[in-house]
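Q: using only what follows, build the 3D model:
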Amino acid sequence: MTQPLQSADLAALRVKIDALDQQLLSLLNQRARVAEEVGEIKRREGSPFFRPDRVAQVIEKIQGANQGPLLNQHVAAIWREIMSACLALETPQRVAVLGPQGTFCEQAAIEFFGSAANLIYCANFDEVFHATAAGTAQFGVVGMENSTEGVVARSLDLFLRSPVHVVGEVSLLVRHNLLRQTNSLDDIEVVMAHPQALAQCQNWLTQHLPRAERRAVSSNAEGARLAATDPTWAAIASERAASQFGLHIVSHAIQDEAYNRTRFAVISLPQTMAMPPASGRDCTSIVVSVPNRPGAVHDLLVPLKRHGVSMTRFESRPAKSGQWEYYFYIDIAGHPSQPAVAAALEELQRLCAYYKVLGAYPVSE
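A: The predicted structure is shown next:
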């Protein structure tokens, strides 16, 4: 096949781009060699290899110096990958996520750690917590809350008996797609997805596939994997899952709410990563229980009001004791190192029969 002729101007620009690429490669390898030296010093001193606060500082500094035409969001993505690749030379980060490949949990992990992280795929969030607590993974990523369907109850329950804490979060814009072997809505008998995804797409499913069985599976990517085995099955999953399992995207963005976001928590053992320092835009998550008496829940809110601390989330979960007792999961704006937050938490703790700080971490933008 005859190649189209290049104009002289286009050919000259391509030569210029090739030369710049060589310069970029040389500079990136220089940076990588310095990162290896940093890794040796950290290893001798016993310092943590991965510091998300340092990643954020570097990216913020680079964005501040950016004069375009690259957008700041694209600069951030590029530098996160550069830092991820350099960190992999120091020591690969093992991160447990919900599998198989193609889940939104995987996507959240890559957004936080970069694609050079060593991902460990788990069948459910119980396994993610266990892998992180046991040290098989240094970090885990679990779903916490969806803007449409609310909290991921299983994750909240697992925090009660796990020694891990939250060191970061990722807020991901979630677009659900209907995936299938053939590019048609005809003759679909079963639609498979995680229960939350099925709930987030229920109006679309009722309108377009009213007779199809809705079958809950452990993850959207697992649904995609199964859909690749039977032409009458379809899955609700990401574009990443479609590519992974060779499926057609029959319908794009079928979620009922256009602005559908899921909040993921990054977890680790405290000895792996201590509580991140205050960033100026932090969230502190706690779980408490109070004696079953009139006004007890109201009393929880008084210390926050007295010290001017804003509460951003309040959820209850049954204690499963058979006594109609509840645990309350509370997110507050701020960091325990701030005097007002520290005073409010100290006062609140005195009111509680059970009190645990789940973590303090920068809020995802």
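
Q: hang on, residue 97 is in a strand, isn't it?
A: Yes: counting by DSSP: H, G, I helix; E, B strand; the rest coil, residue 97 falls inside a strand.

Q: wait, it sits on residue 122?
A: Yes: counting by CB atoms under 8 Å, residue 122 is a contact partner of residue 97 at 6.8 Å. Backbone N, C-alpha and C define where each C-beta goes, glycine included.

Q: what touches both of these two?
A: Counting by CB atoms under 8 Å, 6 or more residues apart in numbering, the shared contacts of residue 97 and residue 122 are residue 128.

Q: wait, doesn't residue 171 sit right on residue 263?
A: Yes: the criterion here is CB under 8 Å, and residue 171 meets it with residue 263 at 5.2 Å.

Q: mind listing the shared neighbours of these two?
A: Counting by CB under 8 Å, 6+ apart, the residues touching both residue 171 and residue 263 are residue 364.

Q: so which of residue 97 and residue 122 has more stuff around it?
A: For residue 97 and residue 122, the more surrounded residue by other CB atoms under 10 Å is residue 97, and the numbers stand at 30 against 27.

Q: any low-confidence regions in the stretch 101-250 of the chain?
A: Nowhere does the stretch 101-250 of the chain drop to pLDDT under 70.

Q: top helix in this protein by residue count?
A: helix 8-45 (DSSP state H).

Q: helices or strands up against the helix or strand following that one?
A: Per DSSP states H and E, the first helix or strand lying C-terminal to helix 8-45 is helix 52-65. With contacts defined as 3 or more CB pairs under 8 Å, 6 or more residues apart in numbering; DSSP states H and E, helix 52-65 has these neighbours: helix 72-90, strand 354-362.

Q: tell me the angle the last one makes with helix 52-65.
A: Spelled out, that is strand 354-362. Interaxial angle, strand 354-362 versus helix 52-65 (axes from the mean of the first three to the mean of the last three CA atoms, to 10 degrees): 30 degrees.

Q: contacting residues around strand 354-362?
A: Residues contacting strand 354-362 (CB under 8 Å, 6+ apart): 52-53, 56, 159-160, 165-169, 265-267, 275-276, 278-279, 281-289, 327, 329, 335-336, 345, 348-349.

Q: picking that back up, most tightly packed of the helices and strands packed on helix 52-65?
A: strand 354-362 (a mean of 20; mean count of other CB atoms under 10 Å).

Q: now do it: distance to the chain's middle.
A: Strand 354-362 has its C-alpha centroid displaced from the chain centroid by 17 Å (CA atoms, centre = their mean, to the nearest Å).

Q: that strand - what's its average pLDDT?
A: Per-residue pLDDT over strand 354-362 has a mean of 95.

Q: cool, stretch 78-91 as well?
A: Stretch 78-91 carries an average pLDDT of 86.

Q: run through who's touching it.
A: With CB under 8 Å, 6+ apart, stretch 78-91 has contacts from 28, 31-32, 35-36, 38-39, 42-43, 49-50, 55, 58-59, 62, 70, 93, 111, 113-117.

Q: how far does that stretch sit from its chain's centre?
A: Worked out by CA atoms, centre = their mean, stretch 78-91 lies 18 Å from the chain centre.

Q: just the CA trace of it, in CSV.
A: Written as CSV, here are the backbone C-alpha positions of stretch 78-91 (Å, rounded to 0.1, in the frame of the first residue of the first chain):
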residue,chain,number,x,y,z
ILE,A,78,2.1,12.2,33.2
TRP,A,79,4.1,13.0,36.4
ARG,A,80,2.2,10.4,38.5
GLU,A,81,3.3,7.8,35.9
ILE,A,82,6.9,9.1,35.9
MET,A,83,7.0,8.9,39.7
SER,A,84,5.3,5.5,39.7
ALA,A,85,7.9,4.1,37.3
CYS,A,86,10.8,5.6,39.4
LEU,A,87,9.3,4.2,42.6
ALA,A,88,9.2,0.8,41.0
LEU,A,89,13.0,1.0,40.7
GLU,A,90,13.3,1.7,44.4
THR,A,91,10.8,-1.0,45.5
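
Q: before we move on, back to that, list buried residues within the contacts of strand 354-362.
A: For the contacts of strand 354-362, a burial check counting by 16 or more other CB atoms under 10 Å picks out 52, 56, 159-160, 165-169, 265-267, 275-276, 278-279, 282-289, 327, 329, 335-336, 345, 348.

Q: show me those residues that map onto strands.
A: Mapping the buried ones among the contacts of strand 354-362 onto strands (DSSP state E) picks out 165-169, 265-267, 282-289, 327, 329.

Q: related to what we said a few turns ago, in TSV, list the helices and strands packed on helix 52-65 along with distance to residue 66.
A: Formatted as TSV, the helices and strands packed on helix 52-65 follow (distance: least, CB to CB, whole Å):
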stretch	distance to residue 66
helix 72-90	5
strand 354-362	21
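
Q: which among the ones you listed is found nearest to residue 296?
A: Closest approach to residue 296 among the helices and strands packed on helix 52-65 (CB to CB): strand 354-362, 12.4 Å.

Q: and the closest one with strand 282-289, angle?
A: Computed by the same axes, to 10 degrees, the angle between strand 354-362 and strand 282-289 is 170 degrees.

Q: need the CA coordinates for strand 354-362. CSV is fine.
A: Output of strand 354-362 as CSV, limited to C-alpha atoms (Å, rounded to 0.1, in the frame of the first residue of the first chain):
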residue,chain,number,x,y,z
TYR,A,354,-16.4,2.4,71.4
TYR,A,355,-14.1,4.8,69.5
LYS,A,356,-11.7,4.2,66.6
VAL,A,357,-10.0,6.6,64.2
LEU,A,358,-10.2,4.9,60.8
GLY,A,359,-7.7,7.4,59.3
ALA,A,360,-7.0,11.0,58.4
TYR,A,361,-6.0,11.7,54.7
PRO,A,362,-6.2,14.3,52.0
